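Peer 1: kindly return the folded structure for what I paste below:
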Amino acid sequence: MDKILEALVSSSHPLTVKRAIVKKVMEAAEKEVTEEQCQALYHLTTRLILQGEDAFQRQVGLQVQEAYARYHRDEFARFFSKEFVLGLLQQGYGSLDCRDPAILDFLHSSLRLLISCPAVLELAPLLQTEVLRIICERPEPATCAKLATILTDFPQCVPREKAGVLFCQQLVRTFAYFNCPATEEQELREYVTQVTRVSVLLQGIWKAEPATLLPSLQEVFAIISSTDPSFEPSIALASLVQHIPLQMITVLIKSLTTDQNVKDASMTQALCRMIDWLSWPLANHVDTWVIALLKGLAAVQKFTILIDVTLLKIEQVFNRLWYPIVRQGALVVLSHMLLSFQHSPEAFHLVVPQIVPLVKSLKNDGLPNSKTFLLQFAELVHCMMYQYSGFPDLYDSILESIKELPKPNEEKIKFFLNQSAWTSQSNSFASGLLKITGKSETGKTGLVNLGNTCYMNSIIQILFMATDFRRHVMSLHLNGSNTLMKKLQLLFAFLAHTQRAAYSPRSFLEGSRPPWFTAGSQQDCSEYLRFLLDRLHEEEKTLSAFQVTSPKPEPATTSAETLNNAASQPVADMPLHPEPVAAKGDGRTLVERMFGGRLSTAIRCLQCHSLSEKEEPFTDLSLAFCPSMSKCHGPNDEHKSSSSVGPCQGAVNGGSESSEGSVKEGAGTRMERPVVEPTLSVPDLVDYFLAPEILENENCYFCERCASLQRAEKVMQVVAAPEYLILTLLRFSYDATCHVRRKILDNVGIPLHMSLPLRQHGISVTSSSSDSPESGENLAKKLKPSQKEDGMTENRTNSESNDSDSEMLSVPYVLSSVVVHSGMSSESGHYYSYGRNVSNTDGYVAHPSSKSLESSSLSESSTASQEEMGCADHKSTDWFLFNDSRVTFTNSESLRNVTGRFPKDTAYVLIYRKQEVSGQPSNPGPVVNGSRLSGEPPLQKELMDAITKDNKLFLQEQELNARARALQATSASCSFRPNGSDDNEPPGSCGPSGGGGGGGFNTISRLVF
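Peer 2: You can find the predicted model right below:
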C-alpha cells in the first residue's frame, strides 16, 4: 500500500484521480493490515508531512496517517516511540532542523492521535526534559508559541516540581528576548498573538503549581532591574502582568521597596521599564502595578528615584495618550506622576507644549470615549495649573482650548493634590489589603462597586429580593443564549450560590448599561430600572415573535400600549427563546406578568359631559410631591422640609458617590435637629397621584364634540394591579434659577402594608367634582389626604353623593424592598437598599372591599393596625441592608426611621408585593418539569458548573491570599465593622464601612485565573 501511495503522489495524474485513489487508501485503513504495512505507511506519511514537495503531498500524508492511526493505534504508538521523538527534537528529520516549526507541528498532531493512549504518559517524562532544554536555548516567539500550544493541550508534558520552577524562570527569561522587527500590521498582530499564547501557558502553570509564581516574579524583576547597557529586555514582558494576582501587590511592592539588596539604580531601571509596558496593547493592570510601585517608593521616602523617573518618563507617558488603545491606563499613571510631583513645576512644564494639540485631537477624532477622556484630562490640567499658577504665557492657550469644559472646584482640586502627595503615601500604603472572606452572617452576597455603580447594585438587589420574579428568572431554560435575561439569570445564580462575600457584576453592567450613561459616573437608579425592565420586555417580545407563524392581533385598547423601546441587542444575534415559564397563555412577557399594570385615564368635558378614556400599561408609578403639602405642616415650619435650601445648594458636583464638598457642610447642621415624625406617607402620594384634576386656563382640554378648548376633569385609575408595584418618589425637581435638579428631602412615611385602589373593568367612570361649587380650583391636588380640611371634605362629600355607584376594589400590598438615595442631587451621592423575601402569601390575606375614592389607600391608623396583625410574626432581622459589597441584618424600624436620623438619606424607589385576595386569582409560581414550585427552583447544570468553577477559584484565591499574608511582616487591621450598627452612622456613607466606590488598595479584585 505504501508503494502505491508513494508512486501516486509523485505521478502526473490529475488531482481528481489522485484524490480518488487516496480516498480508497484511507478506506482500506478499516480493514486488517499487517504490522509491516502499518510501519511502512507511517514512515511514508511522516516523510510526506515533513518533506512533501507541495501542499498536496503534505495534506495526503496527514490524512492517511490520521486514518491509519485511528484504526491501528497500537501500531502507531510503537512507531511514535521515545527514540523517534527524541531524534526529531534533537536531530531533526532529514534536511529539516530540529527547531523547524514543522517538527513541532508534527509532534503536536501525532500526540493528538494518541491523546487517549497510554503512550502519551510514557512520552511525558521525555517531553518534560526536552521542552525545558528547548526553552533554555531562547527560541523565537513562533517556536515558543507552538511549544505553548502543545503544553496547553498536553499539560502532563509540562515539567514538574523543581524542574517546573526552572522551566517558568527560563520561559520568563525567554520572554525578555522576544523582539519584534516586524513593521507590517499583520506581522505585528501575529507577534502579539504568539506572545499572548505563551503568557497564557505561564498563567496555567501558575494556577496549577502556585509554588512557581514567586520565583517567576523574582525572575521578572531581575530582568527589568538589570543595568547591563548591552541588554534591553523585550516589552513583551508586559503581557505577564495581567496574570499576576492583584492581591500580591502589597506583599511584592513592600518586599521590593524595603529590600536593602536592591540598589537605587536597579529600582530606577525596573520602574522605567514598567512604565514602558504601558505601550503594550493587550496588557491589563500595568497602570495598577506602576502606581503601586510609585506609592511604595514614596512610603519609604525614596524620593530621588521618584524624581529621576518622573522627569525621565513623563513625556513618554504623555505621548501614550495619543493612542486610544492604551490611553486610559497611561492617563492614570500620568495623573499620579504629575499630581504627586508637587515640589516643582518642572515635570508639568515638560508636557505643557503638547496639551493644546492633544485637546484638539480629542475634540475631533470622533471616538466614542474621547469626550469622557477629555473631561478627565481637562480636570487634571486644571489641577496642575492651580498648583503651579503664575505662568500666564504658558497657560493662556491651554485655558482657551478647554474653556468650554467643566472646571473642578477648589475643594476637589485640593483633595486630589493632598491625596496624591508623596508625603501622604506612608499611611495609605501601610493599610494593606482587605482579607478575602466568605459571605457575611446574613448568607447574602454583596455586589462589588465597579466605579459609581451603586445605582445598578441597589436595583439588582431589590430585583433579586423580589422572590417570585427571581424564581421565574431562575426557572427559565436559556442554555447557550447570550441575552440580557441570561446575564440576569447568571447574576442571580451567583448571588444565591457563590461563596464570595461580594460578586463583581461587570458582565451584567456592560450588557445592561443604557447607552447614554457615562461609564464611571453616578446615574439615576430609577432611570436604570426602567431601562432594564424595558430591555427585558422588548427582548422577550422580539424572541417570541420568531416562534409564531402568524402574529396575534392586539386588542383594540392597546394601540398606545408600547413600552419605551430600549436599545436591545440585534435580533440576528439572539438565539431562539424558550417558552416563557408560567406564561398563562396570554402572550405577556415575564416583565409584564411580574411588574406590569394598566392605568386608565378618563377626561370628561365639563361643558358637554362627553367622556374620553384610554388605557396604558405601566411598570412603575412616579409619585410627585404636591407643591402645597409643605404649607400644610402647621406650626412646625422649621421642620417641615429639608428642601428649603439656599438658592444654589445641591448643585451637581461631578457625579461622585461621596458627599459633595460645600453641600456636605450645609447639610451637616440639619443632621443635629430633632427627629420629627413624617407628616407625609406613601399612601398620601398615591392618593395625590390618583386624585381628580381640573384642566383649565392654559391646560384646557380640546373637546372633539364641542370642537373647542373646554374645562374638563381628568381622572386616573388603576384597572390592572401588578404583582410587584414599583413606586418612584419624584424627589428631584428642576430649579430654573441655578439650572440644577434639586432634591426634595421631605420625610415620607413608609408603611409595611398599603392598599392600591383598583377599578374593575366594566365600571363606568363618572365625574367626581363637576358639581362641586369650587370646581374652578382643584382642591384634591392641593391638600394631603391625611390633612383633610373643610374644602376637601366638602369636595369628597359631593363626590360621594354623586358617585355612589363607583365601587373600587382595594388590593393589598406588602413592602418588599426600598432603594435609598443618600445625597443632595441625582447626579451625586450614593444608593443603597433594604430588602426582604416576600411572596404573595406573606402578611395577611385580605377580602375584597368596596371603597370610594376617599378610602382609596390605607389611612395611618389602619395601616398601623394591619402592620401589627400582618407582621407580628416577622423577626427583627428579616430585613437586609445591601450597601454594595456589604450586607448586614437590619429591621423595619431602621428602614422607616432612616430619614429621621440621616436627613439626606431618603427613600427613592419602593417595591410592594401584591397579596392574595379572597376570590381573586393569584399569580402562580414558576413551572419546572410540569410541577409548580413554591420554593427556589433547582439550579440548572450550566449555572451550577459556572458557580462550581468560580467557587473553586475562590478557594484558590483564599489559599493564595493566605500565603501572601504570611509573607507580610505586619498587616494592618481592616477598618470596617462587619456587624456595624445602623444607628451610629448613615447606611449610605461611603468608605470602608459603607458602600463606597471601588478603587484604591482597599478593594479586592478577583484573580485573573
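
Peer 1: need the helix or strand of the chain with the lowest average pLDDT.
Peer 2: Each helix and strand of the chain was given a mean pLDDT (mean pLDDT, DSSP states H and E); the minimum falls on helix 661-668 at a mean of 34.

Peer 1: just say helix, strand or coil for residue 814.
Peer 2: What DSSP: H, G, I helix; E, B strand; the rest coil gives for residue 814 is strand.

Peer 1: against residue 269, how distant is the closest residue to residue 733 other than its chain neighbours?
Peer 2: Spatial nearest neighbour of residue 733, excluding adjacent residues (CB to CB, 6 or more residues apart in numbering): residue 742 at 5.5 Å. (C-beta placed from N, C-alpha, C; glycine too.) Note on residue 742: its distance to residue 269, by CB to CB, to the nearest Å, is 55 Å.

Peer 1: these two - which one has more neighbours?
Peer 2: Between residue 742 and residue 269, counting by other CB atoms under 10 Å, residue 742 is the more crowded of the two (21 against 18).

Peer 1: hang on, isn't that one packed against residue 732?
Peer 2: Yes - judged on CB atoms under 8 Å, residue 742 makes contact with residue 732 at a distance of 6.8 Å.

Peer 1: now do the shared contacts for those two.
Peer 2: Both residue 742 and residue 732 are in contact with residue 825, where contact means CB atoms under 8 Å, 6 or more residues apart in numbering.

Peer 1: now do the same contact list for residue 718.
Peer 2: Residues near residue 718 by CB under 8 Å, 6+ apart: 597, 598, 599, 600, 690, 756, 757, 758, 759.

Peer 1: so it: helix, strand or coil?
Peer 2: Taken by three-state DSSP, the conformation at residue 718 corresponds to strand.

Peer 1: okay, and the beta partners of it?
Peer 2: On the basis of DSSP bridges, residue 718 takes part in beta bridges with residue 599, residue 758.

Peer 1: quick check: it vs residue 6, distance?
Peer 2: If you measure residue 718 against residue 6 using CB to CB, the figure is 86 Å.

Peer 1: can I get stretch 492-503 in PDB, CA atoms only?
Peer 2: In PDB, the C-alpha atoms belonging to stretch 492-503 read as follows (Å, rounded to 0.1, in the frame of the first residue of the first chain):
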ATOM      1  CA  PHE A 492     -29.000  35.800  40.200                       C
ATOM      2  CA  ALA A 493     -27.400  32.400  40.400                       C
ATOM      3  CA  PHE A 494     -24.200  33.800  41.700                       C
ATOM      4  CA  LEU A 495     -25.900  36.000  44.200                       C
ATOM      5  CA  ALA A 496     -27.700  32.900  45.500                       C
ATOM      6  CA  HIS A 497     -24.900  30.300  45.500                       C
ATOM      7  CA  THR A 498     -21.500  31.900  45.300                       C
ATOM      8  CA  GLN A 499     -19.200  31.600  48.300                       C
ATOM      9  CA  ARG A 500     -17.800  35.100  47.800                       C
ATOM     10  CA  ALA A 501     -18.800  37.900  50.100                       C
ATOM     11  CA  ALA A 502     -19.300  40.100  47.100                       C
ATOM     12  CA  TYR A 503     -19.600  39.300  43.400                       C
END
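
Peer 1: buried residues in it?
Peer 2: By neighbour count on 16 or more other CB atoms under 10 Å, the buried set for stretch 492-503 is 492, 493, 494, 495, 496, 497, 498, 500, 501, 502, 503.
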